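**Student:** sequence unknown, structure follows:
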């Protein structure tokens, strides 16, 4: 990859990096429809779009025995863009018409757009540019929610909620990095997050 380094042995040491370290915070927006079973419970369907910007992080090092040193390796990853479709159930507590806490659970699927990555060893003048890393595809997702619904009128309210969300492994693409002995670095891609959502709700 760098002719000036031909014949120089090196060992790539790539470590795991979680989603939050690469992409930092994400923006989530979407639409939901719910059907009340009674005054204290409902089922719902939700479609959400999640987006997080490009991320650059040191992913490991390239150890060069001849120099007894390790050169930092950096990875720059495409923006994270995902579409989730989930169904779930909520249970409310307290008296209708007042602020009420709730708990809920959801399950469904998440489709993540393809992600490419550029790997660089600046001190070695080496770049693997725009390499396929994850293919677009669907993965299982789900989670649990806790929150509170705050009525403003008989038909309008706000909901503030948080909880845990999980998406299973992404579809790895080794077409560019497999030949470099790096096929295992994208074998996972699962995501665990703790979103905080504010929702405007109309009841009909």
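**Tutor:** Received it, and whenever you're ready, just let me know what you need. Bear in mind that the values here come from a model prediction, so they are computed numbers and not experimental data. Numbering: from 1, shown residues only.

**Student:** how about low-confidence regions in this protein?
**Tutor:** Judged by pLDDT under 70, the chain has its weakly predicted residues at 1-8.

**Student:** Counting by contacts, list what the longest strand seen in the chain packs against.
**Tutor:** Across the chain, the longest stretch assigned as strand under DSSP state E is strand 137-151. Applying 3 or more CB pairs under 8 Å, 6 or more residues apart in numbering; DSSP states H and E, we find strand 137-151 packed against strand 80-92, strand 100-112, strand 156-167. C-beta coordinates here come from the backbone N, C-alpha and C atoms, glycine included.

**Student:** Please convert these to a markdown table, extending it with mean neighbour count.
**Tutor:** Formatted as a markdown table, the helices and strands packed on strand 137-151 follow (neighbours: other CB atoms under 10 Å):
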| stretch | mean neighbour count |
| --- | --- |
| strand 80-92 | 18 |
| strand 100-112 | 17 |
| strand 156-167 | 16 |
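
**Student:** quick one: which of these is nearest residue 186?
**Tutor:** strand 100-112 (12.4 Å; CB to CB).

**Student:** before we move on, back to that, show me the contact partners of the longest strand of the chain.
**Tutor:** 84, 86, 88, 90, 92, 97-112, 157-171, 190, 197, 201 (CB atoms under 8 Å, 6 or more residues apart in numbering).

**Student:** if we can go back for a sec, what would the helices and strands packed on strand 137-151 look like in TSV with distance to residue 15?
**Tutor:** Listed next are the helices and strands packed on strand 137-151 as TSV, based on distance: least, CB to CB, whole Å:
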stretch	distance to residue 15
strand 80-92	20
strand 100-112	22
strand 156-167	21
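
**Student:** OK, contacts around residue 201?
**Tutor:** Per CB under 8 Å, 6+ apart, neighbours of residue 201: 149, 156-159.

**Student:** swap in residue 14?
**Tutor:** 59-60, 73, 182, 185.

**Student:** Kindly list the main-chain dihedrals of it?
**Tutor:** With angles defined as degrees, to the nearest 10, residue 14 sits at phi -100, psi 130.

**Student:** Select, out of the helices and strands packed on strand 137-151, the one closest to residue 129.
**Tutor:** Across those, closest to residue 129 is strand 80-92 (CB to CB), at 19.5 Å.

**Student:** now the closest one against strand 137-151, angle please.
**Tutor:** Put simply, strand 80-92 runs at 40 degrees to strand 137-151, going by axes from the mean of the first three to the mean of the last three CA atoms, to 10 degrees.

**Student:** Cool, thanks, signing off.
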